[in-house]
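Peer 1: Let me see the structure of the following:
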Amino acid sequence: MGNKLIINIGASADSFGAYGENCSGIFASGDNVAEVKRDVLEAIRIYKEITPESEWDTPIKEGWPIEWHYDTQSLLKYYEGILTNAALERLTGINKKQLWNYANGVSRPRKEAREKINKALHSLGQELLELSL
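Peer 2: Presented below is the predicted three-dimensional model:
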């Protein structure tokens, strides 16, 4: 699989933010995930511009590809226009009201619920990759 520059994306009540997990100095924010991703790329460009190359963290120095990590709230908020809570309920077995609570920061899912959501979305993604029209 190789090394990746891990960027964690999180949601707040009115915006999204991101930071480099394995690279210092990379921070971003925006009104939506697309803005955050653009801001991350700009933060990397600025990092390279203002940091002497001899001081670059390994992910930047070696040009590792970005792997985006989401907390549950940000993932659900990001995909809410694509996957309804009713559809996610069918995929995950988690009640749609509980999914709404996770997406809106009312409650945080336990590890088991996060794993159910992750597994269901990966399974859907794999199924979609394997189909053809």
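Peer 1: So the closest residue to residue 42 other than its chain neighbours: helix, strand or coil?
Peer 2: In space, not counting the residues next to it along the chain, residue 42 is nearest to residue 28; the distance is 7.6 Å by C-beta to C-beta, 6 or more residues apart in numbering. Quick note: C-beta positions are derived from backbone N, CA and C, even for glycine. Here residue 28 is recorded as strand under DSSP: H, G, I helix; E, B strand; the rest coil.
Peer 1: In which helix or strand does residue 107 reside?
Peer 2: In this structure, residue 107 is located outside every helix and strand according to DSSP states H and E.
Peer 1: tell me the contacts of it?
Peer 2: Residues in contact with residue 107, defined by C-beta atoms under 8 Å, 6 or more residues apart in numbering, are 98, 101.
Peer 1: That one and residue 47: what is the separation?
Peer 2: 35 Å (C-beta to C-beta, to the nearest Å).
Peer 1: do residue 8 as well
Peer 2: The spacing between residue 8 and residue 47, counted by C-beta to C-beta, is 16 Å.
Peer 1: contacts for the strand ranked longest in the chain?
Peer 2: Using DSSP state E to assign secondary structure, the strand with the most residues in the chain is strand 5-11. When contacts are taken as C-beta under 8 Å, 6+ apart, the neighbours of strand 5-11 outside the stretch itself are 16-23, 26, 28, 33, 36, 40, 59-60, 64-71, 73-74, 77-78, 105.
Peer 1: hmm, back to that, for residue 8 and residue 47, indicate the residue with more neighbours.
Peer 2: Taking residue 8 and residue 47 together and counting by other C-beta atoms under 10 Å, residue 47 has the greater number of neighbours (19 against 16).
Peer 1: pLDDT wise, what is that one at?
Peer 2: The per-residue pLDDT reported for residue 47 equals 96.
Peer 1: shouldn't it be in contact with residue 40?
Peer 2: No: checked against C-beta atoms under 8 Å, the pair residue 47 and residue 40 is beyond contact range at 10.2 Å.
Peer 1: So which residues of this protein form helices?
Peer 2: Listed in chain order, the helices of the chain (DSSP state H) span 33-50, 58-61, 72-79, 85-92, 96-103, 111-130.
Peer 1: Since that was my last question, I'll sign off now.
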